[in-house]
Each structure stands twice: as C-alpha cells, then as structure tokens.
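Engineer: Quick one, structure for this:
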Amino acid sequence: MEDYRKRLFRGAKIEDCILFFEENELKAKERKNEASNDYEKGFWEGNRLAYQMAAQKLRWDFDYKTEEWEQGIIKKVEELIKQIEMMEQSSRNQTDTSISQFLKQVEPKVSSAFMDNVQEIPEEYMKGMFEGMAITYRLVISKLRSEIEAREGTEGIGNIIKDCIQDFERAAGMYKLNAEKTQDTFSKGFLEGAHAAYQVVLKQLKLEL
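Structural biologist: Coordinates of the predicted model:
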C-alpha cells in the first residue's frame, strides 16, 4: 500500500485529504437529513457538495482512480443516464402541448407572475424549446454511452467524463450564440431549449460525479 500511495499520490497526504473530505461529505449528508428546517438543510447540502467536489478534484488531478472508485462513477453515470432519459421523454411529451395545456399542468406549482410570463410566450417558441431539449438529451445519452463503450478498459472514467463535459460545454456555447442571432421563433426556441438542456446535464455531471 505504501508504494501505491507514493506512486499515485506523491505522498500519503493527498490520500489523507481525500479521505477527510469524503468522511465530512457523509457527515454533512447526515446533518442535512437531521436538520429541522430548510435553512439548515440548505446549509448542510452546500457543505456536502463542497466536500464532494474537493474530493473529486483531488482524485482526478492526482490520478487516484482505484477500481472500486471507477465502478462507483460508472454506476453514477448509468443512474444519470436514466434521469436524462426521463427528462427526454418529459420534453417529448411537451412538444405537442399548447400554452393553455402547459399552464394547467404547472399552475398549482408556480407563481402568478410566472403564469403571466408564460402566457406571453409564442406557441412556436415553446414547441421549438421542448423539441430542442428532447433532441439534446438524446444526443447526450448517445455520447455518454458511446464514449464509455469505446474507451472503457483503456482509459479511466474520469478522463472520459471530462472529455464529454468539454464537448457539452462547446455545444452549449454554440447553441447560445446561434440563438442570439436567429429571428425565427421556432428556431430560437429550439436553440435556447438545447442550450438549457446542456446546462442541466453539465450541472448534474459536475456536481454528482
């Protein structure tokens, strides 16, 4: 174990830091579950995410990728893909939804100000937005699956996910730029929906893996 630690961590202190952050992530999660109000829950969730991201940063930057950790990340990616599939289906279900139907669905959950703003959205824009989101979610799923299938066993999952994140960030930027240029209502909705979908995926990848 000592040779392994020295070879991969440039000293045992890096591993000790990783273990410290992981232990505190679990403690923060427990404190969140025990919290009695939303403020406390939010505070401990913020702590949990901070510890999680710190441990992940050290793992990836110092090449700490044990087989157990690799399998854990692959499992999380599979779970995330299932979530994205659900978001894709939800978006597809909305592509033929009219503004009035959409408002009936969300009315119990949103403010009157939101309702007023949505009523001003053109039907074509909303159709384009949901179509853009659905297609983007499908592209993301295909990209993640194909990259893992092609590279698993020869490259670490960390490198695979980092490459996917970079591709998704480039695509999101391209869609945002094109959305600013187009005047067509459906196209603008499509491009902005695609950009929003990529942002959702990127947030999940960066926070959950």
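Engineer: so where do the helices sit in this protein?
Structural biologist: 2-9, 12-34, 38-61, 67-94, 99-106, 112-119, 123-151, 157-181, 185-208 (DSSP state H).
Engineer: Low-confidence stretches in this structure?
Structural biologist: 1-13, 59-69, 99, 102-118, 208-209 (pLDDT under 70).
Engineer: follow-up on the earlier one: next, format the helices of the chain as TSV and append mean neighbour count.
Structural biologist: C-beta: built from backbone N, CA, C; applies to glycine. Shown next, in TSV, are those (neighbours: other Cβ atoms under 10 Å):
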stretch	mean neighbour count
helix 2-9	12
helix 12-34	15
helix 38-61	16
helix 67-94	15
helix 99-106	12
helix 112-119	11
helix 123-151	19
helix 157-181	16
helix 185-208	20
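Engineer: Contacts only, for Ala171.
Structural biologist: Ala171 makes contacts with Ala194, Tyr198, as judged by Cβ atoms under 8 Å, 6 or more residues apart in numbering.
Engineer: Tell me how far it lies from Val140.
Structural biologist: Between Ala171 and Val140 the computed distance is 9 Å (Cβ to Cβ, to the nearest Å).
Engineer: anything in contact with each of the two?
Structural biologist: Tyr198.
Engineer: Name the nearest residue to Glu88, sequence neighbours excluded.
Structural biologist: Among residues not flanking Glu88 along the chain, Tyr137 sits closest, at 3.7 Å (Cβ to Cβ, 6 or more residues apart in numbering).
Engineer: hang on, isn't the one you found packed against Tyr198?
Structural biologist: No. If you go by Cβ atoms under 8 Å, Tyr137 and Tyr198 don't touch, sitting 9.4 Å apart.
Engineer: coming back round to it: quick one: the residue nearest to Glu88 from Cys17, how far?
Structural biologist: From Tyr137 to Cys17 the distance is 36 Å (Cβ to Cβ).
Engineer: Please apply the same query to Thr154.
Structural biologist: Taking Cβ to Cβ as the measure, Thr154 falls 29 Å from Cys17.
Engineer: For Gln204, give me its contacts.
Structural biologist: By Cβ under 8 Å, 6+ apart, the neighbours of Gln204 are Leu80, Gln83, Ile84.
Engineer: Let's see that with 10 Å instead.
Structural biologist: Neighbour list for Gln204: Lys76, Leu80, Gln83, Ile84, Met87, Val140 [criterion: Cβ atoms under 10 Å, 6 or more residues apart in numbering].
Engineer: gap between it and Lys57?
Structural biologist: Taking Cβ to Cβ as the measure, Gln204 falls 17 Å from Lys57.
Engineer: same deal with Glu152?
Structural biologist: From Glu152 to Lys57 the distance is 23 Å (Cβ to Cβ).
Engineer: and what of Glu192?
Structural biologist: Counting by Cβ to Cβ - Glu192 and Lys57 are separated by 31 Å.
Engineer: likewise Ile160?
Structural biologist: 17 Å.
Engineer: Kind regards, and thank you for your time.
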